[in-house]
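**Student:** A structural model of the following input is requested.
(chains A and B)
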Amino acid sequence: MMSEFLQLERRGAVLEITLNRPKANTIDIPLSLELGRVFAEFRDDPELRVAIMTGAGDRFYSAGWDLNAVAEGEEYIGDFGEGGFAGFPELKDLNKPVICAVNGMAVGAGFEMLMRADFVIAAEHAEFLLPEVRIGIAPDIGTFMLPKLLTRQRAMEVLMTGRRFPAQRMADWGLVNQVVPGPELMTAARALADSLLKAAPLSLAAIKEVVNTTETTTFADCYARLRNDTWPAFRAMLDSDDSVEGAKAFGESRSPNWVGQ
Amino acid sequence: MSEYLHAVRNGEIFEITLDKPKGNAVSAALSREMGKLFVEFRDDPSLRVAILTGAGDRFFCGGWDLNSVAEGEEYTGDFGEGGFGGFIELPNLNKPVICAVNGYAIGAGFEMLLRSDFVIAAENAQFWLPEAQLGVAPDVATFLLPKLLPRQKAFEILMTGRRLSGQELMDLGLVNAVVPQGEAVAAARDLAQELLKAAPLSLAAIKEAAELTEGLTFAESYASLRSKEWPAFMAMLESDDANEGARAFLEGREPEWTGQ
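**Tutor:** Numbering: from 1, shown residues only, chains lettered A, B, ... in the order given. Got it, this is the predicted structure:
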């Protein structure tokens, strides 16, 4: 699968997706639908285990929703595909890690998608902003997620002022895992992906499934659900050959060989 | 209006000063008066941002007035439709509230800050919850701190009664900025001016959606948005200001908001 605006590369079990839509890597509905198909393929291919998404160039990661498409009539509450805007934020059963490597400005929905990424690595010159309130609209993902990820006061500062925030501030606030010099961005993202490959695939799937399904569940209810066996990926992990292999390899002081079963 | 409250209209900014010597403590009666002021703020379309501060440099708010407690006020009594301090429980308060913390914020005077959209603290401000050492327990903080902070930090604040500085709270994310003594209100005004550049309906949509999605998962939040049942959010999407914002952006000029 290839498109004009997406570069896809398989590096072993890692899928690298580069958004390349001059000048600002904005996304309209057709491109979002396409990203949804790419992430669905990533999800459904057992050979692929980690995705890295980045933007081409060093100026923009993504400037968000394409205002030209808006001018041409795309609706805010439109159909951006099964994965939602940019393909992964709403994709069901995406139980594999997604790393966003932020190579430049992340603006509006280009910033908001990061709040649903599992890992964010940012170039030190990257900046993050939600300018929606300055153009008479409001963010959606940011409004749902930031008050849950940050204190109310920090969330409102990002949502209501439209200020630009440097990468280091986002790291201090916990929204970015690591800040690196621009030229080292993909090296850092690949190193993280490689370290995730050392984890058992079903372990990572179990973690994402439980985190996604217990978002608003009380602690007592989480345990009740665990004990009722309501999580298929978690159960598959417990019953897997890999869980036996992991313990055996640990006992034998060697690296485990994961089969993903 | 109560003799203990001063309310000033500074353009579209509504500035409320709590002035009850010596500790700016709030009784149920005073809290109900504060609630009336925040209702006036909410319902007046010419007002867009509120700033709440305390008179003097010593106290922002000393919390619940212990004299009125001694006179029989109940913990779960009637503090007015906005709850303690007038804004923390006020329904449909879809405009930003900034607290300019000029001095000590104690007990309920600290707790109200957890529901404030923005908090600016003077360097001399201190924040603590003395309830556990007085044989009672906080309410707002007990509900909110374990959701805003890791359990360990939340319990440190809830159970030890330790005094925290503005800088410590800024590091925890509960304070937006720390400024020199005497400058909290000036800094709050600068922030208010920045907020006036945003479209009024945008800010209303954000506060409404944040409120309505508080207990929802991410998927449920989107389902709720797509049901188009959020009045302020839908009003924003269909507003003249949304068109004006896009037009001004394309024309490279500042937008002119009408709030419609």
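
**Student:** At the geometric centre of the chain, which residue do we find?
**Tutor:** All of this is about chain A. Closest to where the C-alpha atoms of chain A average out (CA atoms, centre = their mean) is residue A:117, at 2.1 Å.

**Student:** List the contacts of that one.
**Tutor:** By CB atoms under 8 Å, 6 or more residues apart in numbering or on different chains, the contact list for residue A:117 reads A:53, A:88, A:98, A:99, A:100. (Each C-beta comes from the backbone N, C-alpha and C, glycine too.)

**Student:** what's the closest of these to chain B?
**Tutor:** Closest to chain B out of those is residue A:88 (12.1 Å), distances taken as CB to the nearest CB.

**Student:** Please list all residues in contact with the residue in the stretch 101-250 of chain B that chain A sits nearest to.
**Tutor:** Scanning the stretch 101-250 of chain B for the residue nearest chain A gives residue B:245, at 2.8 Å (criterion: CB to the nearest CB). With CB under 8 Å, 6+ apart as the criterion, the residues that contact residue B:245 are A:134, A:135, A:136, A:137, B:199, B:255.

**Student:** Can you give me the neighbour number for the closest residue to residue B:242 other than its chain neighbours?
**Tutor:** Of all residues not flanking residue B:242 in the chain, residue A:136 sits nearest, at 4.2 Å (CB to CB, 6 or more residues apart in numbering or on different chains). As a burial measure, the neighbour count of residue A:136 was computed by other CB atoms under 10 Å in any protein chain shown and equals 26.

**Student:** circling back: which of the contacts of residue A:117 are the two that sit furthest away from each other?
**Tutor:** Maximum pairwise distance in the contacts of residue A:117, criterion CB to CB, is 10.9 Å, between A:88 and A:99.

**Student:** more crowded one of those two?
**Tutor:** Neighbour comparison, residue A:88 and residue A:99: the larger count goes to residue A:88, with 26 against 23 (by other CB under 10 Å).

**Student:** Buried ones in stretch A:166-181, by neighbour count?
**Tutor:** A:167, A:169, A:170, A:171, A:173, A:175, A:176, A:177, A:179, A:180 (16 or more other CB atoms under 10 Å in any protein chain shown).

**Student:** what about that stretch and chain B, touching?
**Tutor:** Yes - if you take CB under 8 Å from any CB of the partner chain as the test, stretch A:166-181 does meet chain B, through residue A:173.

**Student:** Give me the contacts around that stretch.
**Tutor:** Applying CB under 8 Å, 6+ apart, the external contacts of stretch A:166-181 come out as A:102, A:114-115, A:119-128, A:149-150, A:154, A:187-188, A:192, B:173.

**Student:** go on, stretch A:29-40?
**Tutor:** Applying CB under 8 Å, 6+ apart, the external contacts of stretch A:29-40 come out as A:1, A:3, A:5-6, A:8, A:15, A:17, A:21, A:27, A:51, A:66, A:69, A:74, A:78-88, A:91, A:94, A:98.

**Student:** What's the mean pLDDT across stretch B:174-192?
**Tutor:** Mean pLDDT, computed over stretch B:174-192, is 98.

**Student:** List every C-alpha atom in it, with coordinates, as PDB.
**Tutor:** Included here for stretch B:174-192 are C-alpha records, laid out as PDB according to Å, rounded to 0.1, in the frame of the first residue of the first chain:
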ATOM      1  CA  LEU B 174      -1.700  23.000  40.300                       C
ATOM      2  CA  VAL B 175      -0.400  26.600  39.800                       C
ATOM      3  CA  ASN B 176       0.200  28.100  36.300                       C
ATOM      4  CA  ALA B 177       2.700  30.800  37.300                       C
ATOM      5  CA  VAL B 178       4.500  32.200  40.400                       C
ATOM      6  CA  VAL B 179       5.100  36.000  40.500                       C
ATOM      7  CA  PRO B 180       6.600  38.400  43.000                       C
ATOM      8  CA  GLN B 181       4.600  39.500  46.000                       C
ATOM      9  CA  GLY B 182       1.900  42.100  45.100                       C
ATOM     10  CA  GLU B 183       1.900  41.100  41.400                       C
ATOM     11  CA  ALA B 184      -0.600  38.300  41.300                       C
ATOM     12  CA  VAL B 185      -3.600  40.400  40.100                       C
ATOM     13  CA  ALA B 186      -1.500  42.100  37.400                       C
ATOM     14  CA  ALA B 187      -0.300  38.700  36.100                       C
ATOM     15  CA  ALA B 188      -3.900  37.500  36.200                       C
ATOM     16  CA  ARG B 189      -5.000  40.500  34.200                       C
ATOM     17  CA  ASP B 190      -2.300  39.700  31.600                       C
ATOM     18  CA  LEU B 191      -3.600  36.200  31.300                       C
ATOM     19  CA  ALA B 192      -7.200  37.400  31.100                       C
END
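
**Student:** Distance from the chain centre to it, please.
**Tutor:** Centre-to-centre, stretch B:174-192 and its host chain are 14 Å apart (CA atoms, centre = their mean, to the nearest Å).

**Student:** Same check on stretch B:137-156?
**Tutor:** Put simply, stretch B:137-156 sits 17 Å off its chain's centre (CA atoms, centre = their mean).

**Student:** cool, and stretch A:210-221?
**Tutor:** With CA atoms, centre = their mean as the basis, the mean position of stretch A:210-221 lies at 20 Å from the chain mean.

**Student:** ends of that stretch, how far apart?
**Tutor:** Counting by CA to CA, to the nearest Å, the length from the leading to the trailing residue of stretch A:210-221 is 12 Å.

**Student:** for it, which positions count as buried?
**Tutor:** Applying a neighbour-count criterion of 16+ other CB under 10 Å, the buried positions in stretch A:210-221 are A:210, A:212, A:213, A:214.

**Student:** who touches the second one in this structure?
**Tutor:** By CB under 8 Å, 6+ apart, the contact list for residue A:212 reads residue B:218.

**Student:** Average pLDDT for the helix or strand in which it is found, rounded please.
**Tutor:** According to DSSP states H and E, residue A:212 maps onto helix A:201-213. Predicted confidence along helix A:201-213 averages 96 (mean pLDDT).

**Student:** So which of the contacts of stretch A:29-40 reach chain B?
**Tutor:** With CB under 8 Å from any CB as the criterion, the contacts of stretch A:29-40 include residue A:84 near chain B.

**Student:** before we move on, back to that, please flag which of the contacts of stretch A:166-181 sit within strands.
**Tutor:** Using DSSP state E, the subset of these located in strands is A:102, A:119, A:120, A:121, A:122, A:123, A:127, A:128.

**Student:** Run a quick neighbour tally on the closest residue to residue B:133 other than its chain neighbours.
**Tutor:** Once its chain neighbours are removed from consideration, residue B:133 has its nearest residue in residue B:161; the separation is 4.6 Å (CB to CB, 6+ apart). Neighbour count for residue B:161, taken as other CB under 10 Å: 15.

**Student:** for the chain, where's the lowest mean pLDDT among helices and strands?
**Tutor:** Since you didn't name a chain, this refers to chain A. Ranked by mean pLDDT, DSSP states H and E, the weakest helix or strand in chain A is helix A:67-71, scoring a mean of 84.

**Student:** Can you look at chain B instead?
**Tutor:** Of all helical and strand segments in chain B, the minimum by mean pLDDT, DSSP H and E falls on helix B:66-70, at a mean of 88.

**Student:** In that one, which of the residues would be classed as buried?
**Tutor:** Buried positions in helix B:66-70, judged by neighbour count with 16+ other CB under 10 Å: B:68, B:69.

**Student:** C-terminal to it, what's the next element?
**Tutor:** strand B:97-101.

**Student:** Name the residues that touch the next helix or strand after that next one?
**Tutor:** Past strand B:97-101, further along toward the C-terminus, the next helix or strand under DSSP H and E is strand B:104-106. Identification of contacts with strand B:104-106 by CB under 8 Å, 6+ apart yields B:23, B:58-63, B:113, B:125-130.
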